[in-house]
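Enquirer: Mind looking at a prediction? Sequence and model below.
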Amino acid sequence: MNKTVICLLLTVGLLLPLSLASAQKKAAPWTGWSKKDTEKMLKDSPWAQTQTDTDTSQRLYLRTSDANLSADRVTAGTSARLARGAITQEINVNFQVRFFSARPVRQALARLLELDQKSTPEVVGKLHGFAEMKSGKSIIVTLTFDSNDRGYFGSIRQALDTGTTGMLKNITYLERTDGKRLFLEEYVPPGKDGFGARFIFPREVEGLPFLNPKSGEVRFHGEYPVGLVIDRRFKVADMVYNGELEY
């Protein structure tokens, strides 16, 4: 075998793994995602994370409707537990933090709507337009939540509904690994679309994108005055989708 052929084979051998890696990075068309695919994208992906807060304070109480407790057995919170019955399990509240301005998240939301209901061609067309649209001048992070105890919904929903830009702008930010912080520009409470509360940040700072592939991590930190704190970190290098940085 001559040297030219050997060199060619070596070159092909070196390039093949790179080609395979590139092929693997090419995402499957979102229009074919299963419900499981969409749920993973929306809860555990480079663009979405879940923060779980656990309350174990009521694990020792049995479900009860007995209002005739003796004085020495009444503790703080007893009246609340009597109102809805105490529980014997941990209460978990799951907060989903998503980069809504990233196309993979919007595509997952659109796909989930397609799978969950019989949509007309007109609605499907609008969903596809929403999913494929490139991000504009803003970075939009959304917050939704669920819990295994319905009693927690009211207070958390009230916190999200009553939040305002003025209330949150100095305690809510995106932060890069180098410590540079980007503070909240606008807050939008949850609407009827089910996409959650929106935290809007400018995409550029001094004429440059706030994030680039070398930014390391980006941290979302959000606070509500009632003591609710959301804090999640995302690896920017993993936020590449079909060859483009999406956030």
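Expert: Everything's here; your move.
Enquirer: Pretty sure R198 sits against V188.
Expert: Yes: R198 lies in contact with V188 (Cβ atoms under 8 Å); the separation is 4.0 Å. The way it works is simple: take the backbone N, C-alpha and C, and place the C-beta from them, glycine included.
Enquirer: Find residues that contact each of these two.
Expert: The overlap between the contact sets of R198 and V188 (Cβ atoms under 8 Å, 6 or more residues apart in numbering) is empty.
Enquirer: Next, the buried residues of the one helix or strand L115 maps to.
Expert: Assigned by DSSP states H and E, L115 falls within helix 103-116. By neighbour count on 16 or more other Cβ atoms under 10 Å, the buried set for helix 103-116 is R103, P104, V105, R106, Q107, A108, L109, A110, R111, L112, L113, E114.
Enquirer: Can you name every helix or strand that it contacts?
Expert: Here helix 103-116 touches helix 35-43, helix 121-132, going by 3 or more Cβ pairs under 8 Å, 6 or more residues apart in numbering; DSSP states H and E.
Enquirer: mind showing which ranges of the protein have poor pLDDT?
Expert: Scanning the chain with the threshold set as pLDDT under 70 gives 1-27, 56-89.
Enquirer: Helices along that one, start to end?
Expert: Using DSSP state H, the helices of the chain run over 3-25, 35-43, 78-84, 103-116, 121-132, 153-162, 165-168.
Enquirer: on that earlier part again, closest to D238 out of the buried residues of helix 103-116?
Expert: Set against D238, the nearest of these by Cβ to Cβ is P104 (11.2 Å).
Enquirer: contacting residues for that closest one?
Expert: Contacts of P104 by Cβ under 8 Å, 6+ apart are A27, W30, M41, S45, P46, W47, Y241, E246.
Enquirer: Give me the buried subset of the residues you listed.
Expert: By 16+ other Cβ under 10 Å, the contacts of P104 give W30, M41, S45, P46, W47, Y241, E246 as buried.
Enquirer: Of those, which pair is most distant in space?
Expert: Based on Cβ to Cβ, the longest span within the buried ones among the contacts of P104 runs between W30 and P46 and measures 14.7 Å.
Enquirer: would you list the buried residues of helix 103-116 in a markdown table and tack on distance to K36?
Expert: Formatted as a markdown table, these follow (distance: Cβ to Cβ, whole Å):
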| residue | distance to K36 |
| --- | --- |
| R103 | 20 |
| P104 | 15 |
| V105 | 16 |
| R106 | 18 |
| Q107 | 15 |
| A108 | 11 |
| L109 | 15 |
| A110 | 16 |
| R111 | 11 |
| L112 | 11 |
| L113 | 16 |
| E114 | 15 |
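Enquirer: Could you pull out the buried residues of stretch 127-137?
Expert: Under the neighbour-count criterion of 16+ other Cβ under 10 Å, stretch 127-137 has L127, H128, A131, S135 buried.
Enquirer: would you turn those into CSV with distance to E90?
Expert: Conversion of these to CSV gives the following (distance: Cβ to Cβ, whole Å):
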residue, distance to E90
L127, 37
H128, 41
A131, 36
S135, 38
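Enquirer: Closest one to V218 out of those, please.
Expert: Checking the buried residues of stretch 127-137 one by one against V218 (Cβ to Cβ), the nearest turns out to be S135, at 14.5 Å.
Enquirer: quick one: the nearest residue to that closest one once chain neighbours are set aside and G154, what's the gap?
Expert: Nearest residue to S135, sequence neighbours excluded (Cβ to Cβ, 6 or more residues apart in numbering): S101, at 4.4 Å. Distance, S101 to G154, by Cβ to Cβ, to the nearest Å: 29 Å.
Enquirer: Please apply the same query to I200.
Expert: For I200, the distance to G154 (Cβ to Cβ) stands at 26 Å.
Enquirer: out of these two, which sits in the more crowded spot?
Expert: When I200 and G154 are compared for neighbours, I200 comes out ahead with 19 against 9, by other Cβ atoms under 10 Å.
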